[in-house]
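# need a 3D model of the following:
(chains A and B)
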Amino acid sequence: MRAGCGELAFKPGREQQRVKLTIAALLSLMLAVPVAFCQGDLLEALRLLERLSGEGVDVSAYVEQLNRVLELYRVNRSVEANALLVQVLNQLRELDSQLPTIRLYRWLRIGTSVAALLMIPPLFYYFFPRAYALVWAYSKRNWLVREVSKRGSRR
Amino acid sequence: MVLDDEVLAVLTAIVTVACVVAAALSIPRQVEPFLAIGLLGEKGKIGDYPTRILAGEPVKLHVFVMNNLGRAAALKVVAKLGSRGNIPTNSTPLNATPIWEYTIILNHGQNVTIPVQLTIDKVGMNLALVFELWALNTTSGTWVYTGRWNHLYINVTKGVP
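This next block holds a predicted model:
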């Protein structure tokens, strides 16, 4: 990792050692902070993922991406993993902010489908005999109606 | 054929029952939550488990994990080495150092078969190769033992030099 500090003019003796120690401390901080930051991010992403999936939101794409993040961490490609994690986390946060609307639409969809299903029997009872009669009449449209005598003989 | 009232009543009854069943099924219900772990052989099937292995030689197995918690979950499979009588219980994990770990995130209803390749250096008879399933508690950020585990008894012998 490059610190980007440019050239440093070291003074001999104790001060040089102090500068070295400061650089070492800074480098360790630079290495440690992203790890801690990303662990917190990963936990938050998982928490959001859990909540969203519990609400019935389809999170399969995010599950796949977070598994990719874990795989990248496993092969020590943490820079790529962090970038992907931040991307997924932002998407999950956005989705989480829309959760009340998603929940409302979900319940509306369920309510509509249940209402539609429960409306079928009365509609069937009312319309089916009429539709059946219409089809029956249509199928017999070429039939000729003739008056017959009471005795059953044709005129 | 004329549609009389009785035929219409029977047809309406059939339609009513079908619609009520469909409506009941379309309402989301709380699923029975469970997690599952299974141990599979080298070919990813039940059976053909190794019983005698050489110390230091890689052991190839597969672990099947399924999430049916009703939500996505981060799960971890931990392999440990126990012995006969020294295996985990439904409430306590095995008190041993993990020799292999694998973390995965599974959606509700999703399952995965993870290939496992590990090396055992400890020589002994009736050793228990234990695979425990842990789940991440996202509220506390800690791994929690799920009470699900599998074990395989093996005899580990010294390899031919």
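
# give me the low-pLDDT residue ranges for the chain?
I went with chain A, as the question did not name one. Within chain A, the ranges that satisfy pLDDT under 70 run A:1-39, A:151-155.

# wait, chain B was what I had in mind.
B:1, B:160-161.

# now do the buried residues in the longest strand along chain B.
In chain B, taking DSSP state E as the definition, the longest strand is strand B:142-157. Judged by neighbour count using 16 or more other C-beta atoms under 10 Å in any protein chain shown, the buried positions of strand B:142-157 are B:Trp143, B:Tyr145, B:Thr146, B:Arg148, B:Trp149, B:Asn150, B:His151, B:Leu152, B:Ile154, B:Val156. All C-beta atoms are positioned from the backbone trio N, CA, C, and that covers glycine.

# check which helices and strands that strand sits against.
Contact partners of strand B:142-157 among helices and strands, from 3 or more C-beta pairs under 8 Å, 6 or more residues apart in numbering or on different chains; DSSP states H and E: strand B:34-40, strand B:52-54, strand B:58-68, strand B:73-83, strand B:124-137.

# tell me the most buried of these?
strand B:73-83 (a mean of 22; mean count of other C-beta atoms under 10 Å in any protein chain shown).

# measure how that strand sits relative to strand B:34-40, angle-wise.
50 degrees (axes from the mean of the first three to the mean of the last three C-alpha atoms, to 10 degrees).

# wait, what's in contact with residue 118?
Going with chain A. The contact partners of A:Leu118, by C-beta atoms under 8 Å, 6 or more residues apart in numbering or on different chains, come to B:Cys19, B:Val20, B:Ala23.

# I was thinking of chain B, sorry if that wasn't clear
B:Pro58, B:Val59, B:Ala79, B:Ile99, B:Trp100.

# where's it, which helix or strand?
Under the criterion of DSSP states H and E, B:Leu118 resides in strand B:111-119.

# that strand: which residues count as buried?
B:Val112, B:Val116.

# now it against strand B:124-137, angle please.
Angle, strand B:111-119 to strand B:124-137, by the same axes, to 10 degrees: 140 degrees.

# can you give me the angle strand B:111-119 makes with strand B:58-68?
Interaxial angle, strand B:111-119 versus strand B:58-68 (the same axes, to 10 degrees): 160 degrees.

# what segments of chain A are helices?
With helices called from DSSP state H, chain A shows them at A:14-54, A:60-74, A:78-97, A:99-139.

# the second one close to chain B?
Read that as helix A:60-74. Yes. Using C-beta under 8 Å from any C-beta of the partner chain, helix A:60-74 reaches chain B at A:Ser60, A:Val63, A:Leu66, A:Asn67, A:Leu70.

# tell me how far B:Lys80 lies from chain A.
20 Å (C-beta to the nearest C-beta, to the nearest Å).

# looking at it, that residue is touching B:Glu101, isn't it?
No. Using C-beta atoms under 8 Å, B:Lys80 is not in contact with B:Glu101; the gap is 9.9 Å.

# any of the residues of helix A:60-74 next to chain B buried? List them.
Neighbour-count burial (16+ other C-beta under 10 Å) applied to the residues of helix A:60-74 next to chain B gives A:Val63, A:Leu66, A:Asn67, A:Leu70.

# so what's the last one closest to, chain neighbours aside?
Distances taken as C-beta to C-beta, 6 or more residues apart in numbering or on different chains place B:Thr103 nearest to A:Leu70, at 5.7 Å, with adjacent residues excluded.

# residue nearest the centroid of chain B?
Of all residues in chain B, the one closest to the mean position by C-alpha atoms, centre = their mean is B:Ile37, 1.9 Å from it.

# touching, it and B:Val65? I think so.
Yes. Contact between B:Ile37 and B:Val65 holds when scored by C-beta under 8 Å: they sit 5.5 Å apart.

# shared neighbours of the two, anything?
B:Val77, B:Leu133.

# hang on, the earlier thing: for the residue nearest to A:Leu70, helix, strand, or coil?
Here B:Thr103 is recorded as strand under DSSP: H, G, I helix; E, B strand; the rest coil.

# list the contacts for it?
Contact analysis of B:Thr103 by C-beta under 8 Å, 6+ apart lists A:Leu70, B:Ala74, B:Leu75, B:Lys76.

# residues contacting A:Tyr73?
A:Ala81.

# name the SS class of B:Ser91, please.
Of the three states, B:Ser91 takes coil under three-state DSSP.

# if we can go back for a sec, quick check: angle from the strand holding B:Leu118 to helix A:60-74?
Counting by the same axes, to 10 degrees, strand B:111-119 lies at 10 degrees to helix A:60-74.

# direction included, what does strand B:111-119 pair up with?
Paired with strand B:111-119 in the same sheet, following DSSP bridges, are strand B:58-68 (antiparallel).

# now do the strand it pairs with against strand B:142-157, angle only.
Per the same axes, to 10 degrees, the angle that strand B:58-68 makes with strand B:142-157 is 150 degrees.

# picking that back up, adding distance to A:Tyr132, write the buried residues of strand B:142-157 out as CSV.
Shown next, in CSV, are these (distance: C-beta to C-beta, whole Å):
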residue, distance to A:Tyr132
B:Trp143, 64
B:Tyr145, 64
B:Thr146, 58
B:Arg148, 57
B:Trp149, 62
B:Asn150, 61
B:His151, 66
B:Leu152, 66
B:Ile154, 72
B:Val156, 77
